[in-house]
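>>> dropping a prediction and its sequence here:
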Amino acid sequence: MSADICRYEGPSQARPVSGEDNQNAVAEGIFSRPGAGRYTPPAMSETPATVPDSSRPPTSTSTGEKPRRAVVLTGATGFLGRELLWRLITSLPSEYDIVCLVRERGESRSRGTSPPPAALSPAEAAQLAERRLQDVLDEGAPLPREDARRARVHAQPGDITRPRLGLDEAAFSALSARTHEIYHGAATVRFDLPLHEARHTNVDGTREILALAQAAHAAGTLRRLHYIGTAYVAGTRRGAIREDDLDCGQTFHNTYEQTKFEAEGLVRAALRGEGGRAPLPVTIYRPSIVVGDSESGYTSSFKVMYWPLKVFARGLIPIVPASRAGIVDLVPVNFVIRAILQLGQLESSLGKTYHLAAGPERSTTIGAAIDVAADFFKVYKPLFMPIATYERWVRPLLRFVLRGKRRKALETGRIYVPYLSHGAAFDTSHTRTDLRGSGVEIPDVRQYFLTLLRYCVDSDWGRRPVGKPASPGAEPRSF
Ligand SMILES: NC(=O)c1ccc[n+]([C@@H]2O[C@H](COP(=O)([O-])OP(=O)(O)OC[C@H]3O[C@@H](n4cnc5c(N)ncnc54)[C@H](OP(=O)(O)O)[C@@H]3O)[C@@H](O)[C@H]2O)c1
């Protein structure tokens, strides 16, 4: 490690979230949706999986037979998680079950007025979790339910924020004893949550997943924890951001960035074996902003970049508070998933962190992206202006004169403003080096941006189901 690499000092020091109090952001609803020893990766299989008894419960050892090996996935009902699941189904060798930790209710309902999970019996919770998982499978992996590749996918009702993930002791210990790999993607990606709420999911939740990983490691089964972080742990830093950097004294634009920074700190501490524990085998992936499939434009989620794009397409953004030179670093979901599965197979990737980002070479600028989008949606090109001028003079005036949808767009859009003038250039050296020769390459945003825009229109921003273009069974499985 070179001397100038930023050091991580632990999650205890709460950093200020820069900018105005994002707890007051008015975007409610926008982000709510939709081992031991030497590492030998589970070789990805070309042959269809065969599971002798698909009805067998995932953690059953009652018959005395050896429990089946499990790959545990969190976040399977989310944007990235479902794509990962669809790929895993067809690529994991047949001896693996895929156990998805699924909440009985999604984020919006968990925070709403519906009865708390405790009001459900275990059987009801299991049924709801299973139904949610089957919906995900129906959407993207249209294999018959009895197909062995699909039948080995099981919903484990649970919640990352609860002790032992909400499992009783026996179930937790049975699960850890057969866990070979963990893909941890569950998180809240809302920018506007109060710090304690974001921390509960992103930091406490990661701590509980680390406890599962520690238990599996102690049982001698864990080969690797794959942790999905974010490139935006860089917060307000500008210039080159290296993959080994974490704590560089940066501040953060919002509680999402801050809590993902804290969570990655916990993961790195576990990787180093701090706290008297054995070092955990971990690989960290840090995507930048993930968008739809670069070939078809397909996306199951219209969050993050899509909201401002939709408002823009309606001609509701006459002024952009940004420099035209602001960096737009996007990565398509198909690249992110293939990169995780490819890098995660390498022995040399243990302990490494990867920016799954376009990087300076393959990103674009906000000015260029807006020009393309304005031509495509046939709307006027907006005026660019420095943020300081906009915040001081223009925004107060607009607040005064605008009403209805335009006023709402003005208020909601505030949480995106920092991302319009981003000055971070995510270095992707580790990713490019370790993907070399694999056929998985970081795509250039400029090559597929129009494909994304077309999908938005074709699907009417997710309101008209156009389906997932290619089933996982039809995709190449050589990642
Ligand atoms: N999307 C991006 O542009 C992007 C960019 C960089 C990094 N990432 C990272 O990628 C990961 C996935 O992001 P995403 O965009 O797929 O988010 P998403 O669509 O909002 O999905 C989040 C997933 O986490 C689950 N989850 C949340 N809280 C949970 C809890 N307490 N217990 C169990 N599961 C819980 C959600 O389950 P429910 O369905 O029950 O709510 C959902 O499956 C996150 O770690 C995020 O930080 C995303």
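Received the coordinates, thanks.

>>> ok, whichever residue of the stretch 51-200 of the chain sits closest to the ligand to Gly205 distance?
Of all residues in the stretch 51-200 of the chain, Gly78 sits closest to the ligand, at 2.0 Å by Cβ to the nearest ligand atom. C-beta here means a position set from N, CA and C on the backbone, and glycine is covered the same way. Distance of Gly78 to Gly205, computed by Cβ to Cβ, to the nearest Å: 13 Å.

>>> equivalent analysis for Arg149, please.
Arg149 is 29 Å from Gly205, where distance means Cβ to Cβ.

>>> what count of nearby residues applies to the closest residue in space to Leu316 that isn't next to it in sequence?
Of all residues not flanking Leu316 in the chain, Ala409 sits nearest, at 4.7 Å (Cβ to Cβ, 6 or more residues apart in numbering). Ala409 has 19 neighbours, counted by other Cβ atoms under 10 Å.

>>> quick one, grab the pLDDT at Ala409.
On pLDDT, Ala409 comes in at 79.

>>> then Pro52?
We have a pLDDT of 30 for Pro52.

>>> equivalent analysis for Thr221, please.
pLDDT, Thr221: 97.

>>> please name the residues that touch whichever residue of the stretch 301-450 of the chain sits closest to the ligand.
Distance from the ligand to each residue of the stretch 301-450 of the chain (Cβ to the nearest ligand atom) is smallest for Val304, at 4.6 Å. By Cβ atoms under 8 Å, 6 or more residues apart in numbering, Val304 lies in contact with Phe31, Val189, Ile289, Val290, Val291.

>>> paired strands for the helix or strand hosting Ile284, with orientation please.
Element membership of Ile284, judged by DSSP states H and E, is strand 282-287. Under the criterion DSSP bridges, strand 282-287 sits next to strand 224-228 (parallel), strand 353-356 (parallel) in its sheet.

>>> redo these as CSV? Include mean pLDDT, mean neighbour count and distance to the ligand.
Listed next are the strands paired with strand 282-287 as CSV, based on pLDDT from 0 to 100; neighbours: other Cβ atoms under 10 Å; distance: least, Cβ to the nearest ligand atom, whole Å:
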stretch, mean pLDDT, mean neighbour count, distance to the ligand
strand 224-228, 98, 24, 4
strand 353-356, 98, 26, 8
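
>>> any chance of those strands in CSV, with distance to Ile209 too?
CSV is the format used below for the strands paired with strand 282-287 (distance: least, Cβ to Cβ, whole Å):
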stretch, distance to Ile209
strand 224-228, 7
strand 353-356, 17
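
>>> any idea which of the ones you listed gets closest to Tyr455?
In terms of Cβ to Cβ, the element of the strands paired with strand 282-287 nearest to Tyr455 is strand 353-356, at 20.7 Å.

>>> now do that closest one: distance to the chain's middle.
For strand 353-356, the separation from the chain centroid amounts to 13 Å (computed by Cα atoms, centre = their mean, to the nearest Å).

>>> so after it, what's the next helix or strand?
Downstream of strand 353-356 (by DSSP H and E), the next one is helix 359-362.

>>> give the next helix or strand downstream of that next one.
Downstream of helix 359-362, the next assigned helix or strand under DSSP H and E is strand 364-365.

>>> each with direction, which strands does that following strand pair with?
Strand 364-365 has the following sheet partners, assigned by DSSP bridges: strand 327-328 (antiparallel).

>>> can you list contacts of the partner strand?
Strand 327-328 is contacted by residues 289, 360, 363-366, 368-369, 422-425, 445 when judged by Cβ under 8 Å, 6+ apart.

>>> which element, helix or strand, includes Glu208?
helix 205-218.

>>> got the angle between that helix and strand 282-287?
Calculated by axes from the mean of the first three to the mean of the last three Cα atoms, to 10 degrees, helix 205-218 forms an angle of 150 degrees with strand 282-287.

>>> what packs against helix 205-218?
Packing partners of helix 205-218 (3 or more Cβ pairs under 8 Å, 6 or more residues apart in numbering; DSSP states H and E): helix 169-177, strand 179-184, strand 224-228, helix 255-272.

>>> list the buried residues in stretch 140-156.
Residues Gly140, Ala141, Leu143, Asp147, Arg149, Arg150, Ala151, Arg152, Val153, His154, Ala155, Gln156 are the ones in stretch 140-156 that count as buried (16 or more other Cβ atoms under 10 Å).

>>> want to throw these into a markdown table with distance to the ligand and pLDDT?
Below are the buried residues of stretch 140-156 laid out as a markdown table (distance: Cβ to the nearest ligand atom, whole Å; pLDDT from 0 to 100):
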| residue | distance to the ligand | pLDDT |
| --- | --- | --- |
| Gly140 | 13 | 83 |
| Ala141 | 16 | 69 |
| Leu143 | 21 | 84 |
| Asp147 | 23 | 90 |
| Arg149 | 21 | 90 |
| Arg150 | 19 | 92 |
| Ala151 | 21 | 93 |
| Arg152 | 20 | 96 |
| Val153 | 14 | 96 |
| His154 | 15 | 96 |
| Ala155 | 11 | 97 |
| Gln156 | 10 | 97 |
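
>>> which ones among those residues are found in helices?
Gly140, Arg149, Arg150, Ala151 (DSSP state H).

>>> the second one reaches Thr90, doesn't it?
Yes - in this structure, Arg149 is within contact of Thr90 by Cβ atoms under 8 Å, at 6.1 Å.

>>> quote the end-to-end distance of stretch 418-432.
The straight-line separation of the ends of stretch 418-432 (Cα to Cα, to the nearest Å) is 28 Å.

>>> for that stretch, what is the distance to the chain centroid?
Distance, stretch centre to chain centre, for stretch 418-432: 17 Å (Cα atoms, centre = their mean).

>>> about what we covered before: lowest-confidence entry in the contacts of strand 327-328?
Scanning these for pLDDT, the low point is His422. It has 79.

>>> who in this protein is up against the ligand?
33, 74-81, 101, 103, 106-107, 159-161, 185-189, 201, 205, 228, 230, 260, 287, 289-290, 301, 304 (Cβ under 6 Å from any ligand atom).

>>> for burial, what's the neighbour tally of Trp307?
Neighbourhood size, Trp307 [other Cβ under 10 Å]: 19.

>>> pLDDT on stretch 208-216, on average?
Mean per-residue pLDDT for stretch 208-216: 98.

>>> pull the CA atoms of that stretch into CSV?
Provided in CSV are the C-alpha atoms of stretch 208-216 (Å, rounded to 0.1, in the frame of the first residue of the first chain):
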residue,chain,number,x,y,z
GLU,A,208,-25.5,-8.6,10.7
ILE,A,209,-24.3,-9.9,7.3
LEU,A,210,-20.7,-9.9,8.6
ALA,A,211,-21.9,-12.0,11.6
LEU,A,212,-23.3,-14.6,9.1
ALA,A,213,-20.0,-14.5,7.2
GLN,A,214,-18.1,-14.9,10.5
ALA,A,215,-20.2,-17.9,11.5
ALA,A,216,-19.8,-19.5,8.1
